[in-house]
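Provided below for reference: sequence and predicted model.
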Amino acid sequence: MKFEILAPAGSQESLVAGVRCGADAVYLGGKVLNARRNAGNFNDEELEKAVAYCHQRGVKVYLTMNTLCRDNEMEEAYNLVEKALSFGVDAFIVQDLGVIKMIKSCFPDAKIHGSTQMSVITPEGVHALKEMRISRAVLPREMTADEIAEIREKTDLELEMFIHGALCMSVSGQCYLSAMIGQRSGNRGLCAQPCRLSFSADNSKSFDLSLKDLSLIRQLSKIKNLGVISLKIEGRMKRPEYIAAAVTAVKKAINDEYSIKDEILLKSVFSRSGFTQGYFNNEMNKAMFGTRQKEDVVAAKNVLKELSHLYDNENPLVPIDLRLECLKDKPVKLTASALGKTVDVFGDVPEIAINKPMSKEGLTERLSKLGGTQFYANEVDVCLDDGLIVPASKINALRREAVEKLSETKRQNVQALPMESVQPRAKAGELYFTARFSDAEQIPDQHLFERIFIPIWSAIEDFIDNRAGVELPRGLFGKEEQLEKRLVQLKKAGVKNALCGNLGAYRLAKRLGFTVFGDFGLNAFNSSSASQIHSPILSFELTIDEANRINAEDTGIIAYGRLPLMLTRNCPVQNNIGCEKCRKNGSLTDRKGMVFPVVCSPYPCVEILNSVPLYMADRMHEIKTDFIHFYFTNESKDEIEKIAALYKNRSKADFDYTRGLYYRGVL
């Protein structure tokens, strides 16, 4: 199995750097709907040229459309897909369920890769992607080698994984911190990286959300045994020298040529106090954390000029086969084959040599002179009658013409079916209430909630006594078999409903016969994505007006609660002060003194909650969804009874709160 080296391209220069240094594929974004909207990216004309440049060199192009899409942006997404396919884009990297459905419905020949922001972390989740006719899963960076092996063992989908670049503290697709703080949503491609600022578990102004960069370049033999086919380098916001260094390093590692000198060079061009392999090796500890230091910046300045020379010139990466026929009384014919194409070019009839006739060796040497092009001579075959001569300039011209013809690219014919239009749905009936509780002891004796959910690890009698549904955790790393056994127990005990915010959990609960309800972690952001989920709790990154217009059955929004801003596998409190001091009462304090509770669970993730709860009781007349959902976390039973009364009476709050993004929206 041959690895694919997949390089980021945030600009044309970065694209050239990646290709010339040996990338097999690049991923890049258009001007809209991609997760790095602050990169240079490519307009339509630039995208067409970029695809042509790559395909002329045997390099694939994957277009990132890995952001959430509003209803009024779906037409723009459709147009982008149609243009990109006509340019020859090889696949689309997609997050949004609605965009996936649109592409598959309207462009049946298009290939889709499931973005890491889909938060697919289990075999069941990968099976869900396959059912959507997605051809590749981009695995989250938070997975261990054993967890990747489990997915490979139980599924046959193509797997792609990040092997070098920045690490987010949150599970991809489950971070709302940047959106909540400054309206710049990571799910919309404008993350402001607030996690790189001070968030401290001990009020020391430490940086407890800032991870070192990932580098698994020394782990390629292990990764190969895991059945991963694509090695992805993160860095569409990075400069071309970084791309060149990373691609070169990966290529050297594949050829067993990677040395400590190469690693030092890679650290110099960009690192945050070095690199980490913590997630992959299942070593999640304080050693994974780091910040950009002055010495890191100084080191980069010293190597940039050296690295820029890696992509100064065209690198002959594409083999070409040439056959020259130079026969008496026939026009000279040159046949060239490369990039899956074969072309013929013709010259003049050769003359009879007066002095020194041509030789096969001389013609082979001349045909092999492909310097300055992307080609190198592979097989050269010369069929030559004795005593003939053709001017060297004519042979050179034939060679150039053949190379030009092989390099030609044409727009593709695209099979495009029309997209269904979406009309806003008129709401019918009164709002009803649903709730999740972090503990069954919080549930009031008398309550207004039509559906309630408690965590899967709650006692079976708590489910029975409260007629509660089960809330499945979003972070299921390596726990799917354990989860399935527990769900079977609950099903036998009479539990019927399941609240799922993860594709794998959703599919598993549905397969086991539960009535499945969609939680906010599925990021339903448009009518199409919401329509694929049963009774979805819509993304809280929508505005009230946007949520009200979603055309899907039985939609709801979170109307109360401390919103979970991060789902993280590496506990920031544990790695600073330790579990003993925390006693499950940890928090982070930012540079402005705001306190963000950190909630742990028996499953391998913690949630970082907003500093104040979302509150909408006095604005409920503006909510036109079918239900509202209460996200109870650290409230006492008495506090919950008080909050329920406030909502019943639609009263103003007498405590600090936020309206979230319902009136601000995200950019």
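That came in fine, so what should we check first?

tell me which helix or strand of this protein sits lowest on mean pLDDT?
helix 294-308 (a mean of 82; mean pLDDT, DSSP states H and E).

Paired strands for the helix or strand following that helix, with orientation please.
Sequence order places strand 318-326 as the next helix or strand after helix 294-308, per DSSP states H and E. Applying DSSP bridges, strand 318-326 is found paired with strand 333-338 (antiparallel), strand 375-384 (parallel).

Out of these, which gets nearest to residue 69?
The closest of the strands paired with strand 318-326 to residue 69 is strand 333-338. By CB to CB, the value is 38.4 Å. Every C-beta, even on glycine, is put in place using the N, C-alpha and C of the backbone.

Would you mark the buried spots in the next helix or strand after the closest one?
Going down the chain from strand 333-338, the next helix or strand is strand 341-346, by DSSP H and E. Residues of strand 341-346 classed as buried: 343, 345 (neighbour count, 16 or more other CB atoms under 10 Å).

could you give the angle of strand 341-346 to strand 333-338?
Going by axes from the mean of the first three to the mean of the last three CA atoms, to 10 degrees, strand 341-346 is angled at 160 degrees with respect to strand 333-338.

So which elements touch strand 341-346?
strand 333-338, helix 392-407 (3 or more CB pairs under 8 Å, 6 or more residues apart in numbering; DSSP states H and E).

Report all helices and strands that whichever helix or strand comes after the last one contacts.
Pointing back at helix 392-407 there. Sequence order places strand 432-436 as the next helix or strand after helix 392-407, per DSSP H and E. Packing partners of strand 432-436 (3+ CB pairs under 8 Å, 6+ apart): strand 449-455, strand 627-631.

if we compare those, which one ends up closest to residue 580?
Closest among these, using CB to CB: strand 449-455, at 23.3 Å.

tell me which residues in whichever helix or strand comes after the closest one are buried?
Downstream of strand 449-455, the first helix or strand assigned by DSSP H and E is helix 460-466. Neighbour counts over helix 460-466 (16+ other CB under 10 Å) mark 462, 463, 466 as buried.

Make sure the second one is actually in contact with residue 456.
No. With contact defined as CB atoms under 8 Å, residue 463 does not count as touching residue 456 (9.5 Å).

tell me, what's touching those two both at once?
470, 490 (CB atoms under 8 Å, 6 or more residues apart in numbering).

burial count for residue 598?
Here the count is done by other CB atoms under 10 Å, and residue 598 has 23 residues near it.

which residue sits closest to it, ignoring its sequence neighbours?
residue 586 (4.2 Å; CB to CB, 6 or more residues apart in numbering).

do residue 455 as well
Distances taken as CB to CB, 6+ apart put residue 471 closest to residue 455, at 5.3 Å, once the chain neighbours are dropped.

The one you found reaches residue 439, doesn't it?
No. Residue 471 is beyond contact range of residue 439, at 11.4 Å (criterion: CB under 8 Å).

what distance separates the start and the end of stretch 51-59?
End-to-end span of stretch 51-59 (CA to CA, to the nearest Å): 9 Å.

Show me what the mean pLDDT comes to for that stretch.
Averaging pLDDT along stretch 51-59 gives 96.

neighbouring contacts of that stretch?
Here stretch 51-59 makes contact (CB under 8 Å, 6+ apart) with 15-16, 19, 23-26, 60-61, 84, 87-89, 317-318, 339, 374, 407, 409.

cutoff 7 Å now
Applying CB atoms under 7 Å, 6 or more residues apart in numbering, the contact partners of stretch 51-59 are 19, 23-26, 60-61, 87-89, 317-318, 339, 374, 407, 409.

Is the residue sitting furthest away from the middle of the chain part of a helix or strand, or is it coil?
Relative to the centre of the chain, and counting by CA atoms, centre = their mean, the farthest-placed residue is residue 354 at 66.6 Å. Three-state call for residue 354 (DSSP: H, G, I helix; E, B strand; the rest coil): coil.

quick one on the thing from earlier: so which of the helices and strands packed on strand 341-346 gets nearest residue 626?
The closest of the helices and strands packed on strand 341-346 to residue 626 is helix 392-407. By CB to CB, the value is 56.7 Å.

For residue 554, which non-adjacent residue is closest in space?
If the residues on either side of it in the chain are set aside, residue 554 comes closest to residue 535, at 4.3 Å by CB to CB, 6+ apart.

looking at this, the one you found is in a helix?
No. Assessed with three-state DSSP, residue 535 is coil; it does not lie in a helix.

State the distance from it to residue 627.
Residue 535 sits 8 Å away from residue 627 when distances are taken as CB to CB, to the nearest Å.

Spit out the residues that contact the two alike.
residue 556.

Phi and psi next, for the closest residue to residue 68 other than its chain neighbours.
Nearest residue to residue 68, sequence neighbours excluded (CB to CB, 6+ apart): residue 525, at 3.9 Å. Per-residue torsions, residue 525: phi -120, psi -10 (degrees, to the nearest 10).

still on that earlier bit, contacts only, for the residue nearest to residue 598.
By CB under 7 Å, 6+ apart, the contact list for residue 586 reads 201, 573, 598.

And residue 384, by the same measure?
Residues counted as contacts of residue 384 (CB under 7 Å, 6+ apart) are 326, 358, 360, 363.

if we go to 10 Å?
Residues in contact with residue 384, defined by CB atoms under 10 Å, 6 or more residues apart in numbering, are 324-328, 332, 350, 357-360, 362-364, 390.

What's the ChimeraX line that selects buried ones from the contacts of stretch 51-59?
Here is the ChimeraX command that picks out the buried ones among the contacts of stretch 51-59, judged by 16+ other CB under 10 Å:
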select :19,23,24,25,26,60,61,87,88,89,317,318,339,374,407,409
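
Which one of the contacts of stretch 51-59 is nearest to residue 617?
residue 89 (47.9 Å).

re the thing from before, out of the contacts of residue 384, who has the most neighbours?
Top of those by neighbour count (other CB under 10 Å): residue 324, with 25 neighbours.

Tell me the bridge partners for it.
Bridge pairing for residue 324 - DSSP bridges - gives residue 334, residue 382.

could you pull out the helices for the stretch 551-667 of the chain?
Secondary structure of the stretch 551-667 of the chain (DSSP state H, counting those that start in this stretch): helices located at 579-582, 637-649.

What separation is there between the residue nearest to residue 554 and residue 125?
From residue 535 over to residue 125 the distance is 20 Å, taken as CB to CB.

returning to what we had before: my guess is the residue nearest to residue 554 contacts residue 522. True?
No. At 11.4 Å, residue 535 does not count as touching residue 522 under the criterion of CB atoms under 10 Å.

ok, these two, which is more surrounded?
Using other CB under 10 Å, the more surrounded residue of residue 535 and residue 522 is residue 522, with 26 against 21.

Now the phi/psi pair for that one, please.
The phi/psi pair for residue 522 (degrees, to the nearest 10) is phi -80, psi -10.

show me what contacts it?
Counting by CB under 10 Å, 6+ apart, residue 522 touches 97, 118-119, 173, 474, 500-503, 505-506, 529-530, 532-533, 536-539.

Just the buried ones from the residues you listed?
Buried residues within those, counting neighbours by 16+ other CB under 10 Å: 97, 118-119, 173, 474, 500-503, 505-506, 529-530, 532-533, 536-539.

Okay, and which of the residues you listed map to strands?
Among the buried ones among the contacts of residue 522, DSSP state E puts residue 500 in strands.

chain center to stretch 226-237: distance?
Remark: stretch 226-237 is offset 10 Å from the chain centroid, using CA atoms, centre = their mean, to the nearest Å.

same question, stretch 575-589
Centre-to-centre, stretch 575-589 and its host chain are 30 Å apart (CA atoms, centre = their mean).
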